[in-house]
Every structure is written in C-alpha cells, then in structure tokens.
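Asks: Turn this into a model:
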Amino acid sequence: MSQSSDSKIPNCESETLVEAALRVLNTSDLFEKAKLGDEIACKWLQGIISQPYHPSNDLHIPHRPARPTNVKLLSPSLMPKLGKAGSLQSRQAIVHSLVHTESWAIDLSWDMIARFGKQEAMPREFFTDFVRVAQDEGRHFIFLATRLEELGSCYGALPAHDGLWDSAIATSDDLLARLAIEHCVHEARGLDVIPTTIARFRNGGDHKTADLLETVIYPEEITHCAAGVRWFKYLCLRSTNVAPKEECVVEEVADDDAAIQKFHTTVRTFFRGPLKPPFNVEARRAAGFLPEWYEPLAVKELEVFPAS
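Replies: Now for the predicted structure:
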C-alpha cells in the first residue's frame, strides 16, 4: 500500500494535532489513511498528543487531500443509477458509493481540524469532537470496504463523484459554511436516506450489510450531524460576545432565532437549490437539529390555483 513520505510517524511528544492531521491528508492510500487517523485519534484522546497546534506555525493545508488514482470520477449528473439493492450488482454499487462517501468523510474531518481549528481559535472540545468524527469515519470506511470485497467487488471497481469535496472547496474560507453544508445538509441528508437503504438491503436478503448500517453507521452518523449543529450554534453565540470564548462551550447550546436565520442565509448562499424532503425528523432531532432550522429551506409544493 502506497503512503506519502509526509505521513511517516514523527516524535509524538512534539507533534501537534494539526500537524498529525496533515499527515492524514497527505496519505493517499485510503486504508493507510484510515489506520493512521485511528492511531492519531487514540493518541489525542489519551493525551499523548497534547497540543492542538503551535501558535506561531503556519502550515500548508492541501487544496485537495492525497487520494488514490484508480477511481474513475464522473460528474454527479453522469453517475449511473444505483438501483434498489434487489440484485448483487445493485448492492455492490450502493456499497461502493457508501465506501467513497466515507473515504471523503475521513478527509473532511481532518481538514476541519487542520484548516479551521487554529484559524478560528476554536476550543479544545472542537478538536476532540472532530477527532472522534474522523475516527468513526475511518472505521466506517474499513467496515464498508471490507463488506464490498465480501460482495465480490472492491473500491475503484465502479465510478464515483467528488461532490462532497466540491462543497468543501466552496466553504474552505468559512467555518460556519463548512459546518452548515457538510454536516447540517450533507450529513443530515444521509440520516434521511439510511433507513430506506437499510430496508432495501433487508428486502434484497442482505442482512449483513443492513445490520452494519443499522447498528454501527446510522447511530454514529447522528453524532456527526450533532457535532456540526453544536459548533454552528457555538460560533453564532460567540459572535454575539455574550460570553468569553472559554465560557461559551456548553453541552447543548440553546436554539436561537439569530442562529437559525444565519443558518438559512448560509445554506442559501453556499448550497444550490432547496433541501429535499422527506426528512428523518426523529434522527435529526436526536442530533439537536429541529425542523425550524431546515424546513424553511425545503422544496415547496407548487400552489395550485383554480381555473378562472
């Protein structure tokens, strides 16, 4: 498995979390990327890596993380239909799509840490939240890639699209926008569709994939959406100067009309088109994401007027 020279293990006593995150982003082999991310996450959570960043160091954040070159990339509009998991070919296509999504989720989490943590002077809890997200996404990638091989295929056997990273590029200078689009739009959309995907695998007789999605990936994705919602609210609260930064971190920041309006403005600015219902209201609520945040951004029914 290939690995860039930038990802070689340095002395962990002096390495910061942001420096470690850059090693993940500069690792092209996705299995190595997931493994390295897990090792770094464990070191951070155990206190072996203790500093989030060096205040005086300016590090280069890659415009695009190192990625494998064996995946054929298409425009989202040109992607073939995945089907409904009724055939082996359809099940392979759906799992391949999920593997690709999780591979980008690894990079998105470490990019969040490296790109915004120091720039926005975020508290330690921010780093810990996204370290946990990154660790989860790495495990999801390994589990799903392994399952894809059990289904007789492998990552790279089918085309994919990089819509998630396109959104990351569009929000590379704005943490509020990154949180809103990647976590409160894309991650939340995942919560909307996973139950249907689980049902399709069960109907197709693939209970092993359905169980993986239902018992591991689905509940953890709720926490990932919750991280986005939590830190979006935090930034909105911090911007009002109602409390010093160190006092602004709370387990559950209350919903606020100004924050909701800021969310609406941000999504309309950075996301093309309306959000698509139906929404998984229960899962979104579990993530602290209430309907007043997203329903005003949804597709509206065309009003039918009586003939004159």
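Asks: Could you use CA atoms for every contact and neighbour count after this?
Replies: OK.
Asks: for the residue nearest the centre of the chain, what are its contacts?
Replies: The geometric centre of the chain, computed from its C-alpha atoms, lies nearest to residue 105 (CA atoms, centre = their mean), at 4.4 Å. With CA atoms under 8 Å, 6 or more residues apart in numbering as the criterion, the residues that contact residue 105 are 134, 137.
Asks: Quick check: which element contains it?
Replies: helix 88-116 (DSSP states H and E).
Asks: contacting residues around residue 128?
Replies: Listed by CA under 8 Å, 6+ apart, the contact partners of residue 128 are 44, 45.
Asks: repeat that for 10 Å
Replies: 41, 44, 45, 52, 113, 134 (CA atoms under 10 Å, 6 or more residues apart in numbering).
Asks: before we move on, what about residue 43?
Replies: Residues touching residue 43, when contacts are defined by CA under 10 Å, 6+ apart, comprise 12, 17, 37, 49, 50.
Asks: try it again with 8 Å
Replies: Taking CA under 8 Å, 6+ apart as the definition of contact, the neighbours of residue 43 are residue 49.
Asks: can you map out the helices along the protein?
Replies: Across the chain, reading from the start of the chain, the helices by DSSP state H fall at 17-25, 30-45, 88-116, 124-150, 163-170, 175-178, 187-203, 207-212, 218-239, 257-270, 281-286, 291-294.
Asks: between the first one and helix 124-150, how many degrees?
Replies: Read that as helix 17-25. Orientation of helix 17-25 against helix 124-150 (axes from the mean of the first three to the mean of the last three CA atoms, to 10 degrees) gives an angle of 20 degrees.
Asks: Please compute how far helix 17-25 lies from its chain's middle.
Replies: 17 Å (CA atoms, centre = their mean, to the nearest Å).
Asks: for that helix, what is the average pLDDT?
Replies: Predicted confidence along helix 17-25 averages 98 (mean pLDDT).
Asks: got the angle between that helix and helix 88-116?
Replies: Going by the same axes, to 10 degrees, helix 17-25 makes 150 degrees with helix 88-116.
Asks: just checking, what packs against helix 17-25?
Replies: Using 3 or more CA pairs under 8 Å, 6 or more residues apart in numbering; DSSP states H and E as the contact criterion, the elements in contact with helix 17-25 are helix 30-45, helix 88-116.
Asks: Just say which of these is most tucked in.
Replies: Comparing those by mean neighbour count (mean count of other CA atoms under 10 Å), helix 88-116 ranks first with a mean of 22.
Asks: Now do that helix: distance to the chain's middle.
Replies: In this view, helix 88-116 has its centroid 8 Å away from the chain centroid, taken as CA atoms, centre = their mean.
Asks: same deal with stretch 206-216?
Replies: Once both centres are worked out by CA atoms, centre = their mean, stretch 206-216 turns out to sit 20 Å from its chain's centre.
Asks: Between its first and last residues, what's the separation in that stretch?
Replies: For stretch 206-216, the first and last residues are 16 Å from each other (CA to CA, to the nearest Å).
Asks: Can you list the buried residues in that stretch?
Replies: For stretch 206-216, the buried set under the neighbour-count rule, 16 or more other CA atoms under 10 Å, comprises 206, 209, 210, 212, 213, 214.
Asks: Compile these into TSV and extend it with columns for distance to residue 84 and pLDDT.
Replies: Shown next, in TSV, are the buried residues of stretch 206-216 (distance: CA to CA, whole Å; pLDDT from 0 to 100):
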residue	distance to residue 84	pLDDT
206	12	98
209	14	98
210	13	98
212	17	98
213	15	98
214	17	98
